[in-house]
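**Student:** With the input below, show me the fold.
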Amino acid sequence: MGPTRKRLTVLGVRDALWRTVEGVPRKHTLQMAAAMAYYFVLALFPALILLSAILAYMPIHNMLDQVMGLFGKVVPPDTMRPIHYFVSNVVVPNRATLLSFGILGTLWSASGGFASAIEALNVAYEVEEGRPFWVTRPLAIGLTFLVGVLLLVAFATMVVGPQFGTMLAEHHELSWMFASAWPYIHWTVSFGFTILAVEFLYFIAPNVKQRFWSTLPGAILSVSCWVGLSYVLGIYFRSFAHFSKTYGALGAVVALMVWLYWNGFIMLLGAEFNCELAKETRKGSIQQDEDTSGLTKLDIAA
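**Tutor:** You can find the predicted model right below:
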């Protein structure tokens, strides 16, 4: 008979949040975030090549430019300089060549960031990786597509802008209330799809079995902190950090790695919060039962 499940209370959430903070040095969260930042830098530029291929088939004119412009509004400006340079000087002029030659290698490289995320999330959830390499690597490739598509929908919803609701209402004879509500709806949809992308990452990547909606608290925590962090880092980069003076031409790349580092840290913090909530609902440590596939059972109350 397994441990008794108890109802989660406000005090329980507070205790779980406190244990999450206390567990940062024990789980080496900062070091894992640094490793993830390294792998995501290596994966980012191949991912941009794949993104340009997908956006070429979207029915929105100059979709890639619009997504890059929107992305530049939600991340610190200094981090966008190497990305803009790569897109303008490598991806766009050589798009056909890049997409036809070595596309499998590009996909493999782009999934490297998620392969590192799988390992880091196992540490955050306090489980060991029992799946073989030929399972985890295709899983990382699948996560590259799944999370990428969900984030693309989130950005595309923001790209169409608040006037899209009026145009949609006129062409499809929808109520004026829809057009009036769309400026709020499109931000809600964008935020919701971003949370959903993080949820899927928490649900699929670690070597645990859990209910899908049990990953929601950590996903909300991560995305909310990510929005605030991007704003704070923007102020820090503009007013205090002068990477170009310290690192010269590498300053923009260092700023990008700093941004990825802290975002990786927040992502792991959300996963650790989910883990602590699981402990709280089971009055003790997480029940771990190994099945034939080597997948650990994480029993979390709905």
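
**Student:** switch to C-alpha atoms for all contacts and neighbour counts from now on
**Tutor:** Noted.

**Student:** And the helices in the stretch 151-300 of the chain?
**Tutor:** Ranges of helices within the stretch 151-300 of the chain are 164-172, 176-204, 216-239, 243-247, 251-281, based on DSSP state H, counting those that start in this stretch.

**Student:** Tell me who's in contact with Val24.
**Tutor:** Val24 sits next to Leu30, Leu269 when contact means C-alpha atoms under 8 Å, 6 or more residues apart in numbering.

**Student:** mind checking which helix or strand the residue nearest to Ala197 when sequence neighbours are not counted is in?
**Tutor:** Closest residue to Ala197 apart from its sequence neighbours, by C-alpha to C-alpha, 6 or more residues apart in numbering: Val147 at 5.0 Å. Under the criterion of DSSP states H and E, Val147 resides in helix 133-160.

**Student:** Only the buried residues of that helix, if you could.
**Tutor:** Neighbour counts using 16 or more other C-alpha atoms under 10 Å place 136-137, 139-141, 143-145, 147-159 of helix 133-160 among the buried residues.

**Student:** ok, and what's touching stretch 142-160?
**Tutor:** 66-67, 70-71, 110-111, 114, 186-187, 189-194, 196-198, 200-201, 205.

**Student:** re the thing from before, want to throw the helices of the stretch 151-300 of the chain into a markdown table with distance to Arg14, mean neighbour count and mean pLDDT?
**Tutor:** A markdown table is the format used below for the helices of the stretch 151-300 of the chain (distance: least, C-alpha to C-alpha, whole Å; neighbours: other C-alpha atoms under 10 Å; pLDDT from 0 to 100):
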| stretch | distance to Arg14 | mean neighbour count | mean pLDDT |
| --- | --- | --- | --- |
| helix 164-172 | 40 | 15 | 64 |
| helix 176-204 | 21 | 19 | 82 |
| helix 216-239 | 13 | 18 | 86 |
| helix 243-247 | 37 | 13 | 75 |
| helix 251-281 | 10 | 23 | 88 |
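
**Student:** With respect to Leu30, which of those lies nearest?
**Tutor:** helix 251-281 (6.3 Å; C-alpha to C-alpha).

**Student:** other SSEs contacting the closest one?
**Tutor:** helix 10-26, helix 29-55, helix 77-86, helix 112-124, helix 216-239, helix 243-247 (3 or more C-alpha pairs under 8 Å, 6 or more residues apart in numbering; DSSP states H and E).

**Student:** Let me have the ones you listed in JSON lines, adding distance to Lys279 as columns.
**Tutor:** Shown next, in JSON lines, are the helices and strands packed on helix 251-281 (distance: least, C-alpha to C-alpha, whole Å):
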{"stretch": "helix 10-26", "distance to Lys279": "8"}
{"stretch": "helix 29-55", "distance to Lys279": "19"}
{"stretch": "helix 77-86", "distance to Lys279": "37"}
{"stretch": "helix 112-124", "distance to Lys279": "13"}
{"stretch": "helix 216-239", "distance to Lys279": "14"}
{"stretch": "helix 243-247", "distance to Lys279": "42"}
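
**Student:** Name the nearest residue to Gly264, sequence neighbours excluded.
**Tutor:** Excluding the flanking residues, the one nearest Gly264 by C-alpha to C-alpha, 6+ apart is Ala33, at 5.0 Å.

**Student:** likewise Pro206?
**Tutor:** Distance criterion C-alpha to C-alpha, 6+ apart; nearest residue to Pro206, sequence neighbours excluded, is Asn122 at 4.9 Å.

**Student:** list the contacts for Ala37?
**Tutor:** Listed by C-alpha under 8 Å, 6+ apart, the contact set of Ala37 reads Met257, Val258, Leu260, Tyr261, Gly264.

**Student:** Thank you kindly, that will do.
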